[in-house]
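Novice: coordinates for the following, if possible.
(one chain, ligands or ions: 1)
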Amino acid sequence: MTFASLGLIEPLLRALETLGYQTPTPVQAQAIPAVLAGRDLMAAAQTGTGKTAGFGLPLLQRLTQEGAVVAPNSVRALILVPTRELAEQVHANIAEYAEHLPLRTYAVYGGVSINPQMMKLRKGVDLLVATPGRLLDLFRQNAVKFSQLQTLVLDEADRMLDLGFSEELRDIYKALPKKRQTLLFSATFSEAIRAMAGQTLDNPLSIEVSPRNVAASTVKQWIVTVDKKRKPELFIHLLKQQHWKQVLVFAKTRKGVDELVDRLQGLGINADGIHGDKPQATRQRALDRFKASEVQILVATDVAARGLDIEELPTVVNFDLPIVAEDYVHRIGRTGRAGLSGEAISLVCADEVQLLAAIEALTRQTLRRIQEPDFEPDHRVPETSASGEVVKKPKKPKKPKASSGKRNLGKWVDSGDSEPAPAAKPVRKVPVFNTGPRKRKP
Ligand code: AMP
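Specialist: Numbers count the residues shown, from 1 in each chain. Next up, the predicted model:
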C-alpha cells in the first residue's frame, strides 16, 4: 500500500517523500480514507503508531480542497492536546506535512505570554493546535472564533481527562458548531472516554491498532541504550564482541540502510542491503545470498523485509526501533523460528523512548537493558515499563555490579531470565468526565 493509493494529493506526497515515509502505518491506512470521506473517528492508538499523520494528512487535504478562505480570528480545524510539549510536537509534524500547501498553521498553549498568540490569530489560522485551558482564555477574550470550524481532533483524550480538562472541554464543545467532523484519539478507553465519545461523535468509525501480541518466547531480547549518532559504532563493536554469525538488521529509512551498508563494507565486513528503492532483482539476489549464508549481514527496512523466512537465523538487530510496535514482533519473529532459539537486540536512543514504551506495552514485558561501557549515552533514555509508561525523570545509570552473578552488565551474557513479565495491569485513570480534579495545567 502507498500513500498515493490512499488518495492523498501531490503536495502532501512530496512532503512525505522528503520525510522518508514510505508506507502508511496501520492507523494511517485506516484513518486517512475515512477522514477524507468526512467521517467521525474513534481510534485506539498511542504515540508511535503514526497517528499524527493519520489525522493530520487528511485534515490538511480537506482544508486545502474545501471551504472558504479563513476569516480574521477564525480557525477551520482545531487539534486539542493535553500538554504544551505535545502541542509543539504535533504542530511541528503538521507544519512538515503542510510544507507545500497554502495553509496557515499555529500552536497555542499556556505558560507563555498570551499577547503574541492573540496577534498571530488576528489574520485567522487554518489549523490550530491548542491545549484546552489556553484556547478557552483566547476564546473568552474574542481572539479566536469557531464559526468556520469544520473539524475537531481530540488527541490523547485520556490524558486530557487525567489532567482535569473535562470542564474546559465541555465549555469548548459549547462554543463549536454542532455540524462538524470530530476525530477522537486515545490510548485507553475508560468509561469517561466512552461517555465523551457518545456526546461528541456521530456514527464514528472505530479503529484499534494495538492488538495484544506477545513476542515469541524463544527469542531472547535485550536493548542497549546509546546516543543516536553512535549507533553504527556500537553495532560494529557488538558484532565483533558477540561474534555474531549472521545478522538481519532493521533500519528505519532507505538512507539509513545505505549508510550502514556502506560503512560496514568500508570496513571489509560482508554486508548487503535491501529496501524499496532497489530493483526487485537486486533485492532478491541479496536475500538469496543472505539465505545461503554468503552474506553475513543484511540491512533492511520494514517494507523490504516483511515476511522474510530465513532458516536458522540466530540474530536480529533493531538498529532503529520500528515506529509501529507490532512491527517489532514481526521483526523479531524472523529469528527463533521453528522452536530454535534466537536473540533480538535493539539499539535505543533517547528519541525512541516512546516507541520503546509502546513495544513493551504491546509485548507485556520490560525489555532488559544493557549499558555497554564506553557507549553510555549523553542523552539518557528514560526508564520504561511494561505498562507502557515512561518514567519522565531519567535515572542515573547504575554502575555494573560484579556481584550480580547472573547478569554481567557490559558483557553480553545471557542470564536466561527473559520470561515476559506478567500481563500489565491497566493504568487506573481518573474515572470521571465531568468533575475530574485538576492536577496540572499545561
Ligand atoms: P506519532 O505516533 O504520530 O507520534 O508518530 C511517531 C513517529 O513516526 C514520528 O516520528 C513520525 O514522524 C513517524 N512516522 C509516522 N508515520 C510514518 C510512516 N508512515 N513512515 C515512517 N515514519 C512515520
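Novice: CA atoms for contacts and neighbours, from now on please.
Specialist: Noted.
Novice: point out the residues in the chain that sit beside the ligand.
Specialist: Contact residues (Cα under 6 Å from any ligand atom) of the chain with the ligand: 21-25, 47-53, 323.
Novice: which pair in the residues you listed spans the largest distance?
Specialist: Distance extremes for the residues of the chain next to the ligand: the farthest pair is Q22 and T47 at 18.7 Å, using Cα to Cα.
Novice: in the stretch 51-200 of the chain, what residue comes closest to the ligand?
Specialist: With Cα to the nearest ligand atom as the measure, T52 is the residue of the stretch 51-200 of the chain nearest to the ligand, at 3.7 Å.
Novice: name the element that residue belongs to?
Specialist: Here T52, judged by DSSP states H and E, is contained in helix 51-65.
Novice: what strands flank whatever helix or strand comes next after that helix, and is each parallel or antiparallel?
Specialist: Proceeding N to C from helix 51-65, the next assigned helix or strand is strand 75-80, under DSSP H and E. Strand 75-80 has the following sheet partners, assigned by DSSP bridges: strand 125-130 (parallel), strand 151-154 (parallel).
Novice: what does the longest one contact?
Specialist: Identification of contacts with strand 125-130 by Cα atoms under 8 Å, 6 or more residues apart in numbering yields 63, 70, 73-81, 84, 87, 90-91, 103-109.
Novice: could you pull up the mean pLDDT of it?
Specialist: For strand 125-130, the mean per-residue pLDDT is 98.
Novice: got the contact list for V144?
Specialist: Applying Cα under 8 Å, 6+ apart, the residues contacting V144 are N73, S74, V75, L121, L138.
Novice: and those residues as a markdown table, adding pLDDT and neighbour count?
Specialist: Shown next, in a markdown table, are the contacts of V144 (pLDDT from 0 to 100; neighbours: other Cα atoms under 10 Å):
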| residue | pLDDT | neighbour count |
| --- | --- | --- |
| N73 | 97 | 19 |
| S74 | 98 | 23 |
| V75 | 98 | 25 |
| L121 | 98 | 23 |
| L138 | 98 | 19 |
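Novice: which one of the strands paired with strand 75-80 is the most hemmed in?
Specialist: Most buried of these, by mean neighbour count (mean count of other Cα atoms under 10 Å): strand 125-130, with a mean of 26.
Novice: quick one, that one and helix 51-65 angle?
Specialist: Angle, strand 125-130 to helix 51-65, by axes from the mean of the first three to the mean of the last three Cα atoms, to 10 degrees: 160 degrees.
Novice: tell me the helix or strand right after strand 125-130.
Specialist: Counting by DSSP H and E, what follows strand 125-130 is helix 132-140.
Novice: please name every helix or strand in contact with that next one.
Specialist: In terms of contacts (3 or more Cα pairs under 8 Å, 6 or more residues apart in numbering; DSSP states H and E), helix 132-140 is packed against helix 166-175.
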